[in-house]
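# Build me a structure from this.
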Amino acid sequence: MIWINPPYEVDKVSIITVTELAEKQARYIRQAGAEHYAIVDFVIEPCQGHIGFKNEALIQDDLKGNKEWEQLFPILICCIYDALKEFIQNQYHERNLAIGNFIFKLMSLEIRPGDSRVMDFKIATYIGLREIFENNEAKSSTS
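Numbering: from 1, shown residues only. The predicted model follows:
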């Protein structure tokens, strides 16, 4: 588990969080020009007083032995972690929303060699987080 320090003072804000487990399959698929393809499955679960990141994703079976994607896989995990941190920071600095009190569990990734790019997974993660925290799946709570 990696703990993330929020960009706000926890005891001075009303924190937006999930009150129950939220499962998400986030997709970023574009076919205009060069193809882009990324699917990120993750779970957000409540965690009082903390923001955590946990990776449970493994490289998909059809990519085992693919040297390029075996080397890129840890970079994908870092990219998704960065997307989570950036989402939390942007929500606070741009929208004055304190997102927190949850654990982000990365469950799986769907990669298509030739179509998937590392940045596609970051975009998919950001889209999924936005859907959870901006579409009333998350609630305001007092720490």
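# Check whether residue 104 really touches residue 84, as I assumed.
Yes - if you go by Cβ atoms under 8 Å, residue 104 and residue 84 touch, sitting 5.4 Å apart. Bear in mind the C-beta positions are built from the backbone N, C-alpha and C, glycine included.
# what's the first-to-last distance across stretch 111-126?
When the termini of stretch 111-126 are compared using Cα to Cα, to the nearest Å, they are 17 Å apart.
# which residues are contacting it?
Residues external to stretch 111-126 that are found in contact with it (Cβ atoms under 8 Å, 6 or more residues apart in numbering): 26-28, 35-40, 42, 60, 63, 66, 68-69, 72, 75-76, 79-80, 82-84, 86-87, 109.
# I would like the residues contacting stretch 96-107, please.
Taking contacts as Cβ under 8 Å, 6+ apart, the residues outside stretch 96-107 that touch it are 1, 6, 8, 10, 13-18, 40-57, 77, 80, 84, 87-88, 91-92, 133, 138, 141, 143.
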